[in-house]
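Trainee: 3D model of this:
(one chain, ligands or ions: 1)
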Amino acid sequence: MTKRVALITGGMGGIGTDIIRDLAKAGRVVASTYASFEKDNIPAWTAGLKKEGIDCTLAECDVSNFDSCVKAVKELEDKLGPIDILVNCAGITKDSSLKKMEAAAWNAVINVNLNSIFNMTKQVFSGMVDRGFGRIIHISSMNGRRGMFGQANYAATKSGMGGFSMSIALEGAKKNVTSNTVCPGYTATAMMKTIPEKVMQGILAQIPAGRMAEPAEIARVVTFLADDNAGFINGTNIDVNGAQYTSY
Ligand code: CAA
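Mentor: Purely as a prediction, here's the structure:
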């Protein structure tokens, strides 16, 4: 199997960790960025993966800051070689209705969720094109496809990802560089803890599958899109939402 290096942003998060697991099990060399506030979790997180035989190389990075992304990608590529697979997974929520939303909550979510995908993809895209191979996967959201009360900022970033992804798909297609989004529905991670209990009960009642997604179910789709044989799947989206938002 050809050696492929996969970089996941937000890899220490709920969905990100399972993406690392799944890609590693598929034989990929795995690397992740982490934010400074995650530093204290590194020893336990790394030890957990080591027990499963997974060695993930980490680099500190503020994905909302272009220069920080330049530095982190260089550091990782010096250690591991060129990045072949990029998974833009880092993301935050700062939910509130528009009438209450402060500019700070708008800007923080735009910076971390949307500006990050430019900051990171820019570091690896030209190299992928030059080498004739690349797989770029953006973790978007069901709520970016349908909108959500209290998520004008988050939903704007997630649908923005779609426009970005489709555009660079066109730019990379001739050189076997693909770009696709995955849109998870509600997924059992720490992010759900920000939702008030009463609201959460209402959300669960609306999921036809009767449950949230497991992070591993999102990760399977990422590994599928990252495959060497997935070169003709480009500029599209895969929904993973238990039939909560259906489209064709
Ligand atoms: N539809 C209609 N009305 C709603 C509503 C909804 N979905 N959610 C709340 N409301 C109503 C409330 O019942 C309340 O009504 P009353 O004033 O009559 O009591 C009113 O709206 C509250 O309005 P506020 O302006 O006070 O709202 P707020 O600024 O306090 O925001 C909220 C409330 C933060 C949006 C809260 O409802 C919430 O957390 N909702 C969940 C949002 C959500 O689903 N986030 C997803 C996070 S996970 C994720 O994003 C991952 C992913 O990709 C899927």
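Trainee: first vs last residue of stretch 52-67, how far apart are they?
Mentor: Terminal residues of stretch 52-67 lie 33 Å apart, using Cα to Cα, to the nearest Å.
Trainee: in the protein, which spans are strands?
Mentor: Ranges of strands in the chain, per DSSP state E, are 5-8, 29-34, 56-60, 85-88, 134-139, 177-184, 237-240.
Trainee: partners of the fourth one in the sheet?
Mentor: Same thing as strand 85-88. With DSSP bridges as the test, strand 85-88 is paired with strand 5-8 (parallel), strand 134-139 (parallel).
Trainee: What of the last one?
Mentor: Within its sheet, and counting by DSSP bridges, strand 237-240 is paired with strand 177-184 (parallel).
Trainee: Turn the strands of the chain into TSV, including mean neighbour count and distance to residue 16.
Mentor: The way it works is simple: take the backbone N, C-alpha and C, and place the C-beta from them, glycine included. Below are the strands of the chain laid out as TSV (neighbours: other Cβ atoms under 10 Å; distance: least, Cβ to Cβ, whole Å):
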stretch	mean neighbour count	distance to residue 16
strand 5-8	26	5
strand 29-34	25	7
strand 56-60	18	10
strand 85-88	28	8
strand 134-139	28	8
strand 177-184	26	12
strand 237-240	18	15
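Trainee: Could you say which one of those strands comes nearest to the ligand?
Mentor: strand 177-184 (5.9 Å; Cβ to the nearest ligand atom).
Trainee: ok so, going back, okay, the strands paired with strand 85-88 in CSV with mean pLDDT next?
Mentor: As requested, the strands paired with strand 85-88 are exported to CSV (pLDDT from 0 to 100):
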stretch, mean pLDDT
strand 5-8, 98
strand 134-139, 99
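Trainee: As TSV, these with distance to residue 42 would be great.
Mentor: Putting the strands paired with strand 85-88 into TSV (distance: least, Cβ to Cβ, whole Å) gives the following:
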stretch	distance to residue 42
strand 5-8	15
strand 134-139	21
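Trainee: circling back to that earlier point, columns distance to the ligand on top of the strands of the chain, output as a markdown table?
Mentor: Output for those, formatted as a markdown table (distance: least, Cβ to the nearest ligand atom, whole Å):
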| stretch | distance to the ligand |
| --- | --- |
| strand 5-8 | 17 |
| strand 29-34 | 20 |
| strand 56-60 | 23 |
| strand 85-88 | 14 |
| strand 134-139 | 9 |
| strand 177-184 | 6 |
| strand 237-240 | 11 |
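Trainee: So which of the ones you listed is nearest residue 78?
Mentor: Residue 78 lies closest to strand 56-60 among the strands of the chain, at 10.1 Å (Cβ to Cβ).
Trainee: Which strands and helices lie in contact with the closest one?
Mentor: Applying 3 or more Cβ pairs under 8 Å, 6 or more residues apart in numbering; DSSP states H and E, one finds that strand 56-60 contacts strand 29-34, helix 42-51, helix 66-80.
Trainee: what angle do that strand and helix 42-51 make?
Mentor: Interaxial angle of strand 56-60 relative to helix 42-51 (axes from the mean of the first three to the mean of the last three Cα atoms, to 10 degrees): 160 degrees.
Trainee: can you tell me the average pLDDT over strand 56-60?
Mentor: Confidence over strand 56-60 (mean pLDDT, whole number) is 98.
Trainee: CA atoms only for it, dumped as CSV, please.
Mentor: Extracted C-alpha coordinates of strand 56-60, given in CSV (Å, rounded to 0.1, in the frame of the first residue of the first chain):
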residue,chain,number,x,y,z
CYS,A,56,-0.5,10.1,16.1
THR,A,57,2.0,13.0,15.6
LEU,A,58,0.7,16.3,17.1
ALA,A,59,1.4,19.9,16.4
GLU,A,60,0.0,22.9,18.2
